[in-house]
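Undergrad: Dropping the sequence and predicted coords here.
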Amino acid sequence: MKHLFSIILLLIVFTSCKDKEKPEPIIPNHYIKINVHPKYGNETLYLDSVFQTAEGYDIKFTDIKFYLQDVKNGSSILSTVGLFDYRLNGVLAIKEIGTKDAFSSITANLGVDAAINHNDPTAFSNSSPLNIAIANDMHWGWNPGYIFMKVEAKADTLQNGIENFDQTIVFHIGLDVNLETLNFSNLNWTTVGDEDILDLKLDMQSFLTTPQSIDVKTEFTCHSAVGQELLATKVITNFKNSISPL
């Protein structure tokens, strides 16, 4: 009986050792990414580089930021929210664990919808782009809610042959009424290693002209305040139309 007990004990120990020697394989994560490439017409747009408007003004963009929220295809959710910050993060807008399989088309809010726009920005998880530590200046203190898109620039409107960026341009668009929706279909994803990548283009030349012209000499500031409704609508509409698949 003692001999049988010893054999059983040895089998248990041997089996236990074998389990320790062969751990479960680790399956690496696969990621889905959305990149946004700022352009000025056919040229790559780099912050602080000088371009020319349709009116002949030299212009250099100093800041471009915007929210993409509720990114999905039907009931398939790609991302709850992403914050594009060109100066801080380059072209990356969204990176999530997942694959492209369900996303031949996507819709997304350009901004933050009313259901969460007025929530406490300190209550979101520390990793959320809506948390105040990450949102930072994309959340208003004076007006509870998020800035949906931010474009800041300098322009030389004097045109006297002397470089003088006299005009400061500030477009901060928010408020529930200015929420826009992006729709993209028949998307071409690129797979590189463990990432499925969608490349979008943000054409800032188009932003200043389409569908309406923005003359930065006379239309140079908008904080979505009372009395600025027409310019706010023009800015957010033009910005929406400047984003397309690359």
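TA: Right, received. Where do you want to start? Quick caveat, the model's predicted, so the values are computed rather than measured. Numbers count the residues shown, from 1 in each chain.

Undergrad: Give the full set of residues in contact with Pro38.
TA: Going by CB atoms under 8 Å, 6 or more residues apart in numbering, Pro38 touches Thr44, Leu45, Phe61, Ile64, Tyr86, Val91, Leu202, Met204. For glycine as for every other residue, the C-beta is placed from the backbone atoms N, C-alpha and C.

Undergrad: now Ala232
TA: Ile173, Leu175, Asn178, Cys222, Ser224.

Undergrad: who wins for neighbours among the residues you listed?
TA: Counting neighbours by other CB atoms under 10 Å, Ile173 comes out on top of those with 27 neighbours.

Undergrad: Secondary structure element for it, which one?
TA: Using DSSP states H and E, Ile173 maps to strand 167-174.

Undergrad: Relative to the whole chain's centre, how far out is that strand?
TA: Its chain's C-alpha centre and that of strand 167-174 lie 18 Å apart, by CA atoms, centre = their mean, to the nearest Å.

Undergrad: Make residue 1 into 183 and carry on from there
TA: Renumbered: residue one is now 183, and that last one reads strand 349-356.

Undergrad: how about that strand as PDB, C-alpha atoms only?
TA: Provided in PDB are the C-alpha atoms of strand 349-356 (Å, rounded to 0.1, in the frame of the first residue of the first chain):
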ATOM      1  CA  GLN A 349      -2.200  88.200 -37.400                       C
ATOM      2  CA  THR A 350      -2.800  85.600 -34.700                       C
ATOM      3  CA  ILE A 351      -5.400  83.000 -35.700                       C
ATOM      4  CA  VAL A 352      -7.400  81.100 -33.100                       C
ATOM      5  CA  PHE A 353     -10.200  78.700 -33.900                       C
ATOM      6  CA  HIS A 354     -11.600  76.800 -30.800                       C
ATOM      7  CA  ILE A 355     -14.800  75.200 -31.800                       C
ATOM      8  CA  GLY A 356     -17.100  73.300 -29.300                       C
END
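
Undergrad: need the contact list for Ile298.
TA: Applying CB under 8 Å, 6+ apart, the residues contacting Ile298 are Leu312.

Undergrad: Enumerate the positions of the helix or strand harbouring it that are buried.
TA: Using DSSP H and E, Ile298 sits in helix 296-299. Judged by neighbour count (16 or more other CB atoms under 10 Å), helix 296-299 contains these buried residues: Ile298, Asn299.

Undergrad: Against which helices or strands is the helix or strand just after that helix packed?
TA: Once the chain leaves helix 296-299, the next helix or strand it forms, by DSSP H and E, is helix 314-317. Counting contacts by 3 or more CB pairs under 8 Å, 6 or more residues apart in numbering; DSSP states H and E, helix 314-317 is packed against no other helix or strand.

Undergrad: which other residues reach helix 314-317?
TA: Contact with helix 314-317 is made by Leu265, Pro303, Thr304, Asn308, Ser309, Ser310, Pro311, His321, Tyr328, as judged by CB under 8 Å, 6+ apart.

Undergrad: Nearest residue to the middle of the chain?
TA: Centroid check for the chain by CA atoms, centre = their mean gives Phe266 as the closest residue, at 3.1 Å.

Undergrad: Residues in a beta bridge with it, which ones?
TA: Note on Phe266: beta-bridge partners Phe248, judged by DSSP bridges.

Undergrad: do Val218 as well
TA: Listed by DSSP bridges, the beta-bridge partners for Val218 are Leu382.
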